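Visitor: Predicted coordinates and the sequence they were generated for:
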Amino acid sequence: MKISICITILNEEKFISNLLISLARQTKRPDEIIIVDGGSKDKTVEIIRHFIKKDKIIKLFIEKGTIAHCRNISIELATGDIIATTDSGCIANKDWLEKITYHFKHEKIGLIAGFYNMPYLNSLQEAIRVYLGILPQKFDQTFLPSARSVAFRKSVWEEVGGFNENLERGGEDTEFFYKCVKNGVKIIREKSARVEWSEVKTLNLKTFLKKVYVYSKGDGQAKIWWHPTKQLSSHNIRISAIFTRYLIGLFLFVYSFLDSHFFPYFIILIILYLLYPIIKWKSLIRGNLARLYLPIIQVLTDFVTMYGFLAGTIGIRSKNKKFQ
């Protein structure tokens, strides 16, 4: 069983060294590491070439394009029959590759979904984690694979037609794994196969909201309304629920001016909505300051999500069409 790790990058000089060091220290050594750079303008390529001098299994290719295009190129160039992927903002646990590929000893297994930790440095980052990804306490058999920590047979990639290159910047992995589920690919979820999504430790409110925009725009472009695994929790159904909440809120706001007796009830509803994320995440968010951030993040995330989803649905193109 030949294993290729495929990575796509763009302007990742802050993170690429830590990722490559972590991959060099794996308990199970890959046969090759294929890196496709989407046209970095910083020192990313220079750093990778430094690592290539030390380890010949690292292969670098330059190919400008979207993240989906670069993912497809990396897999197309890979010689392994097993493809493992992670992202440049991550650091792989020492046994990540061993655990993410272990179940392929069973021929019927087509895809193995690993997991990721989201370390944080401050209260804001502690709070935004619940909106950015899945915490270990919420991991279950409906967990959707992420390109940050996943492995699949190259034949699966060929079977489902690869990553959708019509998607501008995000959502390509969500759609790819959706197609895997629809095609009946046998999926195993391995919680112990983890990477550290260290990029979370660099986020501020602005960069976090940019990620929310990219993700929600990708959801709008992918147009996956019903995911057979997530069902009523499918991304676009949840986004539709956000629109519904705010439309109802707008109606109640107007009605409160028409009937002044209703205004106090409207204020109570607003307060309850702001308290909702604090109550919802009380067992996952421990810091008191982080809990106070939650209502603010909830509202900002709602509006950015709606805007991003609309942009993806009606086809607004970004000025920068690069993948990151």
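Guide: Nice, thanks for sending it over.

Visitor: use CA for all of it now, contacts and neighbours both
Guide: Noted.

Visitor: Strands along the stretch 151-300 of the chain, start to end?
Guide: Residue ranges of the strands in the stretch 151-300 of the chain, as given by DSSP state E, counting those that start in this stretch, are 186-196.

Visitor: Need the pLDDT of the residue positioned nearest the centre of the chain.
Guide: What sits nearest the mean C-alpha location of the chain, by CA atoms, centre = their mean, is residue 146, with 5.7 Å. Here the pLDDT value assigned to residue 146 is 89.

Visitor: in the protein, which segments are predicted with low confidence?
Guide: Where the chain drops to pLDDT under 70, the residues are 141, 168-170, 222-236, 316-324.

Visitor: Check it for its longest helix and report it.
Guide: Assignment by DSSP state H gives helix 288-314 as the longest helix of the chain.

Visitor: So which bits of that helix are buried?
Guide: 290-295, 297-298, 301-313 (16 or more other CA atoms under 10 Å).

Visitor: Please, where are all the strands along the stretch 1-150 of the chain?
Guide: Going by DSSP E, counting those that start in this stretch, the stretch 1-150 of the chain shows strands at 3-9, 32-37, 58-62, 82-85, 91-92, 109-117, 150-153.

Visitor: Report the contact partners of residue 245.
Guide: If a contact means CA atoms under 8 Å, 6 or more residues apart in numbering, then residue 245 has no contacts.

Visitor: which phi and psi does residue 26 have?
Guide: phi -70, psi 140 (degrees, to the nearest 10).

Visitor: from memory it sits against residue 100, does it?
Guide: No - if you go by CA atoms under 8 Å, residue 26 and residue 100 don't touch, sitting 11.6 Å apart.

Visitor: OK, contacts around the residue nearest to the centre of the chain?
Guide: 113-115, 173-174.

Visitor: I'd like these as a markdown table, with neighbour count appended.
Guide: Shown next, in a markdown table, are these (neighbours: other CA atoms under 10 Å):
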| residue | neighbour count |
| --- | --- |
| 113 | 25 |
| 114 | 28 |
| 115 | 28 |
| 173 | 21 |
| 174 | 22 |
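
Visitor: Closest to residue 67 out of the residues you listed?
Guide: Nearest to residue 67 out of the contacts of residue 146 is residue 173 (CA to CA; 9.6 Å).

Visitor: From residue 150, how far out is that closest one?
Guide: Separation of residue 173 from residue 150 (CA to CA, to the nearest Å) stands at 10 Å.

Visitor: Can you name the residues bridging to the residue nearest to the centre of the chain?
Guide: residue 149 (DSSP bridges).

Visitor: residue boundaries of the helices in the protein?
Guide: 16-24, 44-54, 67-77, 96-101, 123-132, 154-160, 172-182, 205-222, 235-258, 263-280, 288-314.

Visitor: Give the other helices and strands that the third one contacts.
Guide: With contacts defined as 3 or more CA pairs under 8 Å, 6 or more residues apart in numbering; DSSP states H and E, the secondary structure elements packing on helix 67-77 are strand 3-9, strand 32-37.

Visitor: Turn those into a markdown table, including mean neighbour count and distance to residue 187.
Guide: Converted to a markdown table, the helices and strands packed on helix 67-77 look like this (neighbours: other CA atoms under 10 Å; distance: least, CA to CA, whole Å):
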| stretch | mean neighbour count | distance to residue 187 |
| --- | --- | --- |
| strand 3-9 | 25 | 18 |
| strand 32-37 | 25 | 23 |
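
Visitor: Could you export those strands to a markdown table, including columns for distance to residue 17?
Guide: Supplementary listing: those in a markdown table, determined by distance: least, CA to CA, whole Å:
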| stretch | distance to residue 17 |
| --- | --- |
| strand 3-9 | 12 |
| strand 32-37 | 13 |
